[in-house]
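Chemist: predicted model and sequence follow; I will ask about them next.
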Amino acid sequence: MNQIHALLITAPELVRQAFRALSGQRLVNTLAKTRPGTITSPDPAVVARQTLRRFAVRHLTMQAEIDLIEQQLEMLVRQVNPTLLSLSGVGPVTAATLLVAAGDNPERLGTRASFAALAGVAPIPASSGQRTRHRLSRGGNRHANAALHRIVLLRMRPTSERHPDQRSRRHSRRPLPAAPTTRDRHSRRP
């Protein structure tokens, strides 16, 4: 899609006008059906149309492959852990990423804390003296961390039929503790 848009921006005005009203999948489908002319034409508009058609056909082919791979991936995930896909915000790719992170021995992840440490989302104590605080982990499986991040983003979206997760939305709206001011920090010193 990016290549199609980039070429449309630099294409001759006649080509831009022909496809200006279209976007997204309608644009790709229309470009794939065009008949741009002979291959050896020196006209820049014809060359741009031919290239746009090639990009659109490539896009449709790759999208069909992606859809097939996701179907196969979903079947494999359902064999291993059928309930994972029923969770809000979890699709076949995200579920497969989490299953790969858990590995062949999921029994080693007996608690939520052990999985959080594996995914790099467990808070790490960083306290000093009287001040108790935690910092984010920079370790762990970054793919699992990214998968969990995608799930959270989907759950935080406005409620729809596809992602009706009210618990996550309520959790995100809760008030955060106020950060200490400079005065508070200086008054705590002995």
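Modeler: All right, it came through fine.

Chemist: can you tell me how far the residue nearest to residue 153 when sequence neighbours are not counted is from residue 120?
Modeler: Spatially, and ignoring its direct neighbours in sequence, residue 153 is nearest to residue 89 (7.8 Å; CB to CB, 6 or more residues apart in numbering). All C-beta atoms are positioned from the backbone trio N, CA, C, and that covers glycine. For residue 89, the distance to residue 120 (CB to CB, to the nearest Å) stands at 19 Å.

Chemist: what is the burial count for residue 116?
Modeler: Residue 116: 18 surrounding residues under other CB atoms under 10 Å.

Chemist: mind listing what the residue nearest to residue 28 when sequence neighbours are not counted touches?
Modeler: Of all residues beyond its chain neighbours, the one nearest residue 28 is residue 56 (4.8 Å), with distances taken as CB to CB, 6+ apart. Residues near residue 56 by CB atoms under 8 Å, 6 or more residues apart in numbering: 4, 27, 28, 29, 30, 31, 32.

Chemist: which of these sit farthest apart?
Modeler: Greatest spatial distance among those (CB to CB): 4 and 29, at 11.8 Å.

Chemist: the two: who's more crowded?
Modeler: More neighbours surround residue 4 than the other of residue 4 and residue 29, with 19 against 13 (other CB under 10 Å).
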